[in-house]
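Colleague: can you look at this prediction? I've put the sequence above it.
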Amino acid sequence: MPSSLRPVLPILIGASVLMTLSMGVRQSLGLFMTPMTQEIAISVSDFTLAIAVQNLAWGFLQPVTGALAVRTGFRPILLVGAALFAGGLAVLAAAQGLLAVMLGAGIMIGAALACIAAAMALSVASRAVPAERRSAILGIVSAAGSLGSFLAAPIGQAMSIEFGWRSGIAAFVLLCAGLLPAAWYAGRVDRLPEPRTAGPQFGDTSFAVALRTALSRPAFLVMAGAYFVCGLQLVFLTTHLPSYLALCGLDPMLSAQALGVIGCFNMMGSLFFGWAGGRWSKEGLLGLIYVLRSVALAAYFAVPPTPAATLVFAAVMGFLWLGVAPLIAGAVVEMFGLRWQAMIQGLAFMSHQVGSFLGAFGGGVLFDALGSYELAWRLAVAMGLSAGILQMLFALPRRRPPAPAPA
């Protein structure tokens with residue numbers, strides 16, 4: 001551990017734990033879709049609508065919580081989010097119908113994620129470390145979010161099989177007891193002076209000026225548009241993969257194993273892309289991730305699944321999963337500086353979450369209408385290839401026009 005990072009180690013650990021628990025539990029909720037829908041008599045599309053509402057609440061509140069952190073500091077926002085997350089899980093565990101599922105899994109967890117998940121945790125980490133180490137540290141903190149799936153999915157599935165789905169969610173409530181101390185320690189970042197960056201410095205400018213500046217930057221708009229497709233693909237997978245495997249007659253435990261493998265390889269991918277983002281174009285790497293993900297989705301869904309193929313697919317997707325987080329966070333800092341990072345990153349994430357809404361709810365609607373996921377995965381692949389290629393093309397260096405010759 002470099003001596004320059006030792007004073008901020010509690011902050012980085014707190015941010016990492018926030019990522020670990022919030023992302024791991026949130027990505028594992030799809031495990032409970034089949035038993036929950038059967039017991040409380042709601043449809044697959046009802047459950048996926050709640051997950052879609054969660055993603056919309058998360059996305060649309062993310063710029064708001066990011067802006068509030070500029071005014072109030074990070075600690076109050078993080079603590080409120082930690083309490084909301086545990087409360088939302090408790091409401092979901094006691095659900096008897098769609099209203100409680102919508103409130104717990106949808107609104108409460110969605111609002112909580114806007115307070116404690118990737119955009120906020122990575123903004124905390126960005127402020128705590130020097131610029132030359134920032135990309136690698138963001139990769140490490142992102143990798144912590146992957147550890148959560150590796151831990152949470154097997155625990156939730158095992159408890160659900162042995163004692164019922166309510167016990168599986170109750171186990172998640174206990175896991176999330178660690179969110180409050182993590183939020184407290186991560187909030188120590190408020191005591192640190194804001195470091196200077198090589199990018200623009202907004203200073204004490206208003207929310208409106210920062211917003212207009214971000215929305216006038218073509219590179220940011222392309223990145224946010226591609227992030228839309230990223231959300232669509234990933235939430236389609238986390239929400240519907242367990243149902244797809246059950247439909248194909250495979251062991252229910254395979255779903256938890258696949259999510260665990262995704263979490264394990266997620267760590268390696270986050271570390272790699274955090275390191276790579278400090279050496280090559282972050283936008284170009286984002287485009288490469290989107291293209292490779294789409295190829296992997298097409299290769300997996302084009303043939304009947306097997307346990308071995310599912311785990312290999314999970315490993316590939318895991319490596320390409322959360323690596324976008326340090327790249328997006330680092331690109332936003334390079335474009336706009338640190339002060340409004342959480343808010344501007346939240347704008348991009350809002351686009352991501354609109355895509356997540358379509359991935360979760362749209363996948364459920366297409367399944368209910370057609371009885372299969374064929375059209376849903378084909379659309380996800382086509383959109384991913386288009387977004388990835390556009391992002392890579394836009395990342396290419398542009399040749400400046402030659403200077404006019406002197407008269």
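Modeller: Nice, thanks for sending it over.

Colleague: contacts only, for residue 354.
Modeller: Going by Cβ atoms under 8 Å, 6 or more residues apart in numbering, residue 354 touches 55, 56, 59, 228, 231. Using the backbone N, CA and C atoms, a C-beta is placed for each residue, glycine as well.

Colleague: which SSE is the closest residue to the third one other than its chain neighbours in?
Modeller: Sequence neighbours aside, residue 353 is the residue nearest to residue 59 in space, at 2.5 Å (criterion: Cβ to Cβ, 6 or more residues apart in numbering). Under the criterion DSSP states H and E, the helix or strand holding residue 353 is helix 341-357.

Colleague: now for the residue nearest to residue 59: which residues touch it?
Modeller: Neighbours of residue 353 in contact, by Cβ under 8 Å, 6+ apart: 55, 56, 58, 59, 60, 62, 231.

Colleague: okay, now the fifth one: neighbour count?
Modeller: Close neighbours of residue 60, defined as other Cβ atoms under 10 Å, add up to 17.

Colleague: number of residues surrounding the nearest residue to it once chain neighbours are set aside?
Modeller: Of all residues not flanking residue 60 in the chain, residue 350 sits nearest, at 5.8 Å (Cβ to Cβ, 6+ apart). Using other Cβ under 10 Å, residue 350 has 23 neighbouring residues.

Colleague: for the record, mean pLDDT for the helix holding residue 353?
Modeller: Over the span of helix 341-357, the pLDDT mean works out to 78.

Colleague: how distant is it from the center of its chain?
Modeller: Relative to the centre of its chain, helix 341-357 is centred 10 Å away, using Cα atoms, centre = their mean, to the nearest Å.

Colleague: hmm, who's touching the helix or strand just after it?
Modeller: The helix or strand immediately downstream of helix 341-357 is helix 363-370, counting by DSSP H and E. Here helix 363-370 makes contact (Cβ under 8 Å, 6+ apart) with 43-45, 47-49, 236, 239-240, 243, 373, 375-376.

Colleague: any stretches of the stretch 301-407 of the chain with poor pLDDT?
Modeller: Scanning the stretch 301-407 of the chain with the threshold set as pLDDT under 70 gives 337-339, 341-342, 396-407.

Colleague: switch to 80 and redo it
Modeller: Applying pLDDT under 80 to the stretch 301-407 of the chain flags the ranges 305, 321-326, 329-331, 333-347, 349, 353, 356-374, 376-377, 394-407.

Colleague: residue boundaries of the helices in it?
Modeller: Under the criterion DSSP state H, counting those that start in this stretch, the stretch 301-407 of the chain contains helices at 307-319, 324-336, 341-357, 363-370, 374-395.

Colleague: returning to what we had before: against residue 392, how distant is the residue nearest to residue 59?
Modeller: 23 Å (Cβ to Cβ, to the nearest Å).

Colleague: hmm, residue 63 is touching residue 343, no?
Modeller: Yes. With contact defined as Cβ atoms under 8 Å, residue 63 reaches residue 343; the gap is 5.1 Å.

Colleague: now the residue positioned nearest the centre of the chain. Its backbone dihedrals?
Modeller: The residue lying closest to the centre of the chain (Cα atoms, centre = their mean) is residue 118, at 6.2 Å. Here is the backbone geometry of residue 118 (degrees, to the nearest 10): phi -50, psi -50.

Colleague: thinking it is in contact with residue 148, fair?
Modeller: No. If you go by Cβ under 8 Å, residue 118 and residue 148 don't touch, sitting 11.6 Å apart.

Colleague: mutual contacts of those two, please.
Modeller: Here residue 118 and residue 148 share the contacting residues 19, 23, scored by Cβ under 8 Å, 6+ apart.

Colleague: residue 209 - how many residues pack around it?
Modeller: Quick note: residue 209 (other Cβ under 10 Å) scores 12 neighbours.

Colleague: remind me which helix or strand it belongs to.
Modeller: Residue 209 belongs to helix 207-215, assigned by DSSP H and E.

Colleague: likewise for residue 50?
Modeller: helix 44-72.

Colleague: do residue 123 as well
Modeller: Using DSSP H and E, residue 123 falls in helix 118-128.

Colleague: chain center to the following helix or strand past that helix, what's the gap?
Modeller: For helix 118-128, the following helix or strand on the C-terminal side (DSSP H and E) is helix 131-163. How far helix 131-163 lies from its chain's middle: 11 Å, per Cα atoms, centre = their mean.

Colleague: contacting residues around the helix holding residue 123?
Modeller: Applying Cβ under 8 Å, 6+ apart, the contact partners of helix 118-128 are 8, 11-12, 14-16, 18-19, 23, 62, 65-66, 69, 74, 77-78, 81, 114, 134, 137-138, 141-142, 145, 186, 189, 192, 194-195, 322, 325-326, 329, 333, 338, 341-342, 345-346, 349.

Colleague: only the buried subset of the residues you listed, as a PyMOL command please.
Modeller: Of the contacts of helix 118-128, the buried ones go into a single PyMOL selection, burial set by 16 or more other Cβ atoms under 10 Å:
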select buried, resi 8+11+12+14+15+16+18+19+23+62+65+66+69+74+77+78+81+114+134+137+138+141+142+145+186+189+322+325+326+329+333+338+341+342+345+346+349
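
Colleague: what about the closest residue to residue 78 other than its chain neighbours, neighbour count?
Modeller: Closest residue in space to residue 78, ignoring its immediate chain neighbours: residue 183 at 3.6 Å, by Cβ to Cβ, 6+ apart. Residue 183 is flanked by 29 other residues according to other Cβ under 10 Å.
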